[in-house]
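1. Show me how the following folds:
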Amino acid sequence: PDGHRIIGYVGRLAVEKQVEDLAILADVPNTKLVIIGDGPQKEALQAALPDAHFAGFLGGEALAQAVAGFDLFVHPGEFETFCQTIQEAMASGVPVVATGRGGPLDLVENSRTGWLYEPGNLTQLRGYVQDLIGDDAKRRAFATAATASVQGRTWPVLSADLRNVRAQRVHLKQRTLLMKISVIGCGYLGAVHAATLASMGHTVVGIDVDSSKVEQLNKAIAPFHEPGLDELLKDGRTTGRLVFTTDFAAAADSQVHFLCVGTPQSKTSDTADLSYLMGATRSLLPHLAKGAAVVGKSTVPVGTVETLRAILARRSDVLLGWNPEFLRQGTAVKDSLVPDRLVYGVPGGKGAAAGAPVTAVLDA
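-> Predicted coordinates:
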């Protein structure tokens with residue numbers, strides 16, 4: 001409006017997104033900062049960014065039109081595992097300025113499709129924004145390159161990649177150490193993890209307290225869209241290697257248990273709500289076989305393992321470890337089948353021997 005260039009942000013208005021860092025852009029000449037999204041930090045951010053336009057939550061066509069209207073997309077969050085909004089901005093022909101940490105590193109090609117600034121260096125953030133806002137030709141060149149960079153991430157391309165990955169997995173199954181596994185929590189993370197483990201040949205039981213979700217998954221219908229997931233669910237259900245239930249007793253003879261329970265932000269503070277994770281662990285406790293491994297995948301704050309260790313204290317034979325997820329929306333199935341890294345933590349001093357059950361599953 002009024003000849004101003006639009007600098008846009010889309011995302012949840014929460015502490016971990018670091019939206020307050022955008023105050024450094026408040027007096028960039030001939031620009032208007034537009035914030036799309038909602039969350040617990042909205043009022044604080046409106047006070048910190050009084051000249052910004054807060055559009056609230058948008059979805060569907062309204063969101064697509066708004067993002068396409070940006071001249072530049074900015075994302076200051078340092079804790080993104082993927083950052084789908086960056087990919088959506090690039091697909092809309094909008095160059096990006098983002099922090100050089102986490103998910104943006106996989107999406108933004110520095111000095112070609114956008115700029116990645118040093119985490120915490122807000123002066124550099126401002127400088128990169130001014131560089132693109134002040135140079136129409138460069139901004140258009142970055143925009144063209146940004147759009148081209150995401151053409152290989154369309155649904156047809158991703159589906160073809162997934163079929164190739166599955167073919168490779170079928171070829172490797174003969175040397176797989178197969179196990180009985182339970183996956184506790186069948187939301188986005190758990191449903192994908194359960195289905196991909198079953199596709200590797202493991203026998204998997206997914207457990208969730210939501211009976212309607214369990215019923216839907218048992219019909220091989222994913223409760224959300226993820227390329228290739230419905231196909232894996234159908235395969236697992238047809239072969240009998242995959243079943244979903246609300247009964248924790250079904251996990252009784254499993255060798256490895258993956259905790260994929262949601263850890264949403266607390267309604268009363270800025271910390272994660274771990275009540276679902278703790279409740280799931282307590283429900284699982286009576287059904288743990290001797291020598292079983294309990295492996296967390298949920299996103300949790302530092303110190304969570306010690307809390308879970310206290311719950312499992314009377315079961316010294318049970319291994320408690322952590323294998324953090326690295327899933328990206330749109331490529332979650334592929335990320336699970338062919339991860340670019342395997343990261344897990346086990347009790348100090350036990351090393352590879354303690355992690356052997358987890359490695360056997362993940363290397364399958």
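
2. now the stretch 51-200 of the chain, which segments are flagged as low pLDDT?
-> Across the stretch 51-200 of the chain, the ranges flagged by pLDDT under 70 are 158, 162, 165-177.

3. Let me see the ranges of the strands in it.
-> For the stretch 51-200 of the chain, strands defined by DSSP state E, counting those that start in this stretch occupy the ranges 53-56, 72-75, 96-99, 114-117, 180-184.

4. Packed most tightly, which of the ones you listed would that be?
-> strand 96-99 (a mean of 28; mean count of other CB atoms under 10 Å). Placement of C-beta: from N, CA and C, glycine included.

5. want to throw the strands of the stretch 51-200 of the chain into TSV with distance to residue 264?
-> Listed next are the strands of the stretch 51-200 of the chain as TSV, based on distance: least, CB to CB, whole Å:
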stretch	distance to residue 264
strand 53-56	20
strand 72-75	21
strand 96-99	24
strand 114-117	29
strand 180-184	16
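
6. show me the contacts for residue 278.
-> 307, 308, 311 (CB atoms under 8 Å, 6 or more residues apart in numbering).

7. Show me the helices in the stretch 51-200 of the chain, by range?
-> With DSSP state H, counting those that start in this stretch, the ranges of helices along the stretch 51-200 of the chain come out as 60-68, 84-91, 104-107, 122-133, 136-149, 155-172, 188-199.

8. sorry, that was for the stretch 201-350 of the chain
-> All helices of the stretch 201-350 of the chain, identified by DSSP H, counting those that start in this stretch, fall at 211-218, 229-239, 275-284, 304-311, 332-337.

9. Distance to residue 131 and mean pLDDT for those - can I get that in CSV?
-> Below are the helices of the stretch 201-350 of the chain laid out as CSV (distance: least, CB to CB, whole Å; pLDDT from 0 to 100):
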stretch, distance to residue 131, mean pLDDT
helix 211-218, 47, 96
helix 229-239, 40, 93
helix 275-284, 44, 94
helix 304-311, 41, 91
helix 332-337, 33, 79
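
10. roughly how far is stretch 334-351 from the heart of the chain?
-> Chain-centre distance of stretch 334-351: 16 Å, with CA atoms, centre = their mean, to the nearest Å.

11. With just CA atoms, put it into PDB.
-> C-alpha atoms of stretch 334-351 as PDB (Å, rounded to 0.1, in the frame of the first residue of the first chain):
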ATOM      1  CA  LYS A 334      10.900 -40.500   2.900                       C
ATOM      2  CA  ASP A 335      12.700 -38.900   5.900                       C
ATOM      3  CA  SER A 336      11.600 -41.900   8.000                       C
ATOM      4  CA  LEU A 337      12.600 -44.600   5.400                       C
ATOM      5  CA  VAL A 338      15.900 -43.000   4.400                       C
ATOM      6  CA  PRO A 339      17.000 -40.600   7.200                       C
ATOM      7  CA  ASP A 340      20.000 -38.400   6.500                       C
ATOM      8  CA  ARG A 341      21.200 -39.000  10.100                       C
ATOM      9  CA  LEU A 342      20.500 -41.400  13.000                       C
ATOM     10  CA  VAL A 343      20.700 -39.700  16.300                       C
ATOM     11  CA  TYR A 344      19.900 -41.400  19.600                       C
ATOM     12  CA  GLY A 345      21.000 -41.000  23.200                       C
ATOM     13  CA  VAL A 346      21.400 -43.900  25.700                       C
ATOM     14  CA  PRO A 347      22.500 -44.000  29.400                       C
ATOM     15  CA  GLY A 348      26.100 -42.800  29.900                       C
ATOM     16  CA  GLY A 349      28.800 -45.500  29.800                       C
ATOM     17  CA  LYS A 350      26.600 -48.100  28.000                       C
ATOM     18  CA  GLY A 351      27.400 -46.900  24.500                       C
END
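
12. where are the low-confidence patches of the stretch 201-350 of the chain?
-> Across the stretch 201-350 of the chain, the ranges flagged by pLDDT under 70 are 348-350.

13. dump the residue contacts of the nearest residue to residue 305 once chain neighbours are set aside.
-> Nearest non-adjacent residue to residue 305, counting by CB to CB, 6 or more residues apart in numbering: residue 322, 6.2 Å away. Applying CB under 8 Å, 6+ apart to residue 322 gives the contacts 295, 296, 297, 305, 344, 345.

14. and the third one, how many neighbours?
-> This points to residue 297. For residue 297, the neighbour count with other CB atoms under 10 Å is 22.

15. ok, it to residue 280 distance?
-> Using CB to CB, to the nearest Å, one gets 12 Å for the distance from residue 297 to residue 280.

16. joint contacts of these two?
-> Common contact partners of residue 297 and residue 280 (CB under 8 Å, 6+ apart): residue 259.

17. Next up, the contacts around the residue lying closest to residue 95 once chain neighbours are set aside.
-> Leaving aside its sequence neighbours, residue 95 sits nearest to residue 142 (CB to CB, 6+ apart; 3.7 Å). Residues near residue 142 by CB under 8 Å, 6+ apart: 95, 112, 113, 114, 132.

18. mind running it again at 10 Å?
-> Applying CB atoms under 10 Å, 6 or more residues apart in numbering, we find residue 142 in contact with 72, 90, 93-97, 108-109, 111-115, 131-132, 135.

19. Find the nearest non-adjacent residue to residue 39, please.
-> Among residues not flanking residue 39 along the chain, residue 13 sits closest, at 3.4 Å (CB to CB, 6+ apart).
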